[in-house]
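**Q** Turn this into a model:
(chains A, B, C and D)
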There are 2 protein chains.
Amino acid sequence: MEFSCKILVIEDDPATREMLVGLLEEVGKYDVISAETGKDAEILANSHCPDVILLDLGLPDMDGSSVLQSVREWSCVPIIVVSARTSEADKVNALENGADDYVQKPICTTELLARIRVALRHSRNSGCNTSIALNSCFKVGRLVIDYRKYRVFVDGVDANLTQNEFKLVALLGQYAGQVLPYEDIIRRMWGPNAPADNQILRVNMTNIRRKIEKDPAHPRYIFTENGVGYRMTDHDPDDEQEDTPVCRIPEKAH
Amino acid sequence: MEFSCKILVIEDDPATREMLVGLLEEVGKYDVISAETGKDAEILANSHCPDVILLDLGLPDMDGSSVLQSVREWSCVPIIVVSARTSEADKVNALENGADDYVQKPICTTELLARIRVALRHSRNSGCNTSIALNSCFKVGRLVIDYRKYRVFVDGVDANLTQNEFKLVALLGQYAGQVLPYEDIIRRMWGPNAPADNQILRVNMTNIRRKIEKDPAHPRYIFTENGVGYRMTDHDPDDEQEDTPVCRIPEKAH
DNA sequence: AATAATCGTTAAGAATCCGTAAAAAAATAC
DNA sequence: GTATTTTTTTACGGATTCTTAACGATTATT
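**A** Now for the predicted structure:
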């Protein structure tokens, strides 16, 4: 199973940027976003949690290696430097500063794509939590998401989620504590040619809740943020001490 | 603290080989061994467990990609291909077949060293255990995979797996506890010109299960993760105390 | 309070996936 | 060269899973 991966392209030259974006979108497996300045790049890298970053070194506002370093401060997303600079010093510098690969312009498209796949392969096996397919578990309360087994357990019991259901829970688990908008979920789950409405999502959520929640009508692990999206809790719902929102509006009797 | 890393250099040209070996030894952090044929390389890779392999594609006795594949059958040591071949196809092929990087000759020494450090950085975070294959046996429950004898035993009795069947079980055993996607299995088993669908895999699995499972319809050693791949258990299926999935949703009557 | 929009639930058909059997092709042994 | 084993291909039924549509319940809006 594979999520539609998100790739961030950082490149100031419009022609090159569009070429890269077009190339990646053409593959059909990637969700592509792009930035043309270092500042934008940092913002996007932070807010969108891409699975791979393609980074040009020659940006207008800041040095590429600064971008490298600032991203590396909080993330270990694979970064492939794509640069016209040919000097050995530049390459070594980039690789030493946290880049995972260095591809020289002019770009060989198939090679770049192959190297992206290698980067994804790596992050899939690494214990780094910027990527979804971790080799560890995510636990919250009685819920355990085992990314290696592709299974979700409740109280140690297999919830028997289907492939898509697992994918969805895994995705929400990765962003536990924050709301994922419907659109984002759908695009990640079903890729570029996803259905327009969130009908499928609702059905899936019903089935998931039936399997992992004690009382599906009053979920404690996956909440609905009305009009926005879904959110998985990052606190143990059984823990009373937590800071979760207490209902200000009393529930109806029954 | 850092351990001294072992690097295996596979290169038939004496001058280049000595240059590489000298270069790496000069750094002072590496323990370098070398081979000049594919056959020797496999033996050394097997007996010495290097932390990184530098691989030349143009070997006298066998194709470089064969070496790649045969090493990848039991190990996920980082492999950096160092080749004079410049064609995009060669690069893509190597990267697709399990290489982690591709450096073109003539060699830029500092760049190569930087890329070696990147490879080591990666493998430090990765969660793959290559040690099983080298340490003779893998045991789980009544199943024993003997990697030396190329045989699988159930309750001490040889299961009489064929070569392909063994290869498949061995692969799954190496990643016990974790799902291997169909694609990955196929690529590892049949290499670059593998069949597109997983039909063969299904047939093989049927035959394997008939040989190692008491009730092939309800396997206890190799599970199917619907829509994803196969997974070998890492717990004794006879041990009740474990945290294995117990079906929460009761099976249909009959 | 009435209306509209959103969300949860159910059910059913379509599509896909998986396991199995058997035949064909290839490899190996004799 | 023939026989045997192994591998690959072909075919198909059953089971699971995905998707769509319809409808009731809930929430937001006027």
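
**Q** Three-state assignment for residue A:81, please.
**A** Three-state assignment for residue A:81 (DSSP: H, G, I helix; E, B strand; the rest coil): strand.

**Q** So what pairs up with it in the strands?
**A** Taking DSSP bridges, one finds residue A:55, residue A:102 as the beta-bridge partners of residue A:81.

**Q** count of neighbours near it?
**A** Other residues near residue A:81 come to 28 when the count uses other CB atoms under 10 Å in any protein chain shown. In short, each C-beta sits where N, CA and C put it, glycine included.

**Q** Span of stretch A:93-111 from start to end?
**A** Its start and end residues considered, stretch A:93-111 measures 22 Å (CA to CA, to the nearest Å).

**Q** Could you check stretch A:90-107 and say which residues are buried?
**A** Taking 16 or more other CB atoms under 10 Å in any protein chain shown as the neighbour-count basis, stretch A:90-107 is seen to contain the buried residues A:90-95, A:97-102, A:107.

**Q** Tell me the one of those residues nearest residue A:14?
**A** Closest approach between those and residue A:14, by CB to CB: residue A:107, at 15.2 Å.

**Q** Please narrow the buried residues of stretch A:90-107 to those residing in strands.
**A** A:101-102 (DSSP state E).

**Q** How confident was the prediction at the closest residue to residue A:84 other than its chain neighbours?
**A** Ranked by CB to CB, 6 or more residues apart in numbering or on different chains and with sequence neighbours excluded, the top spatial neighbour of residue A:84 is residue A:105, at 4.3 Å. Reported pLDDT at residue A:105 in the predicted model: 88.

**Q** What separation do you get for residue A:105 and DNA strand D?
**A** Look at residue A:105 and DNA strand D: by CB to the nearest atom of the strand, to the nearest Å, they are 38 Å apart.

**Q** same question, residue A:38
**A** Distance, residue A:38 to DNA strand D, using CB to the nearest atom of the strand: 38 Å.

**Q** and the closest residue to residue A:89 other than its chain neighbours, how many neighbours does it have?
**A** Distance criterion CB to CB, 6+ apart; nearest residue to residue A:89, sequence neighbours excluded, is residue B:110 at 7.9 Å. Other residues within reach of residue B:110, judged by other CB under 10 Å, total 15.

**Q** Could you point out which residue ranges in chain A have low pLDDT?
**A** When residues are selected by pLDDT under 70, those of chain A lie in A:1-4, A:124-136, A:239-254.

**Q** and whatever residue of it ends up closest to chain B, bridged to which residues?
**A** Chain A approaches chain B most closely through residue A:158 (3.0 Å), counting by CB to the nearest CB. Beta-bridge pairing for residue A:158 (DSSP bridges): residue A:153.

**Q** Could you check how far it is from residue B:4?
**A** When CB to CB, to the nearest Å is the yardstick, residue A:158 and residue B:4 sit 44 Å from each other.

**Q** now do residue A:204
**A** Using CB to CB, residue A:204 is found at 51 Å from residue B:4.

**Q** neighbour count winner among those two?
**A** Residue environment comparison for residue A:204 versus residue B:4 gives the larger neighbour count to residue A:204, 20 against 10, counting by other CB under 10 Å.

**Q** Can you report phi and psi for the spatially closest residue to residue A:100 that is not a sequence neighbour?
**A** Here the nearest residue to residue A:100 in space, its sequence neighbours aside, is residue A:78; by CB to CB, 6+ apart that works out to 4.7 Å. Backbone dihedrals for residue A:78, given as degrees, to the nearest 10, come out at phi -60, psi 130.

**Q** So what's the residue count around residue A:78?
**A** Residue A:78: 27 surrounding residues under other CB under 10 Å.

**Q** I figured residue A:75 hits residue A:45, correct?
**A** Yes - in this structure, residue A:75 is within contact of residue A:45 by CB atoms under 8 Å, at 7.0 Å.

**Q** ok, these two, which is more surrounded?
**A** When residue A:75 and residue A:45 are compared for neighbours, residue A:45 comes out ahead with 24 against 19, by other CB under 10 Å.

**Q** Reduced to three states, what does that one come out as?
**A** In the three-state summary, residue A:45 is assigned as helix, counting by three-state DSSP.

**Q** With residue A:203 instead?
**A** At residue A:203 the chain is in helix, as set by three-state DSSP.

**Q** tally of neighbours for it?
**A** 10.

**Q** what about residue A:206, distance to residue A:194?
**A** For residue A:206, the distance to residue A:194 under the criterion CB to CB works out to 19 Å.

**Q** between these two, which one's more packed in?
**A** When neighbours are counted by other CB under 10 Å, residue A:206 and residue A:194 differ, and residue A:194 comes out ahead with 17 against 11.

**Q** List the contacts of that one.
**A** Contacts for residue A:194 were tallied using CB atoms under 8 Å, 6 or more residues apart in numbering or on different chains; they are A:186-187.

**Q** any idea how far residue A:228 is from residue A:185?
**A** Distance, residue A:228 to residue A:185, by CB to CB: 11 Å.

**Q** More neighbours: the two, which one.
**A** Looking at residue A:228 and residue A:185 with other CB under 10 Å, you find the greater number of neighbours at residue A:185, namely 22 against 12.
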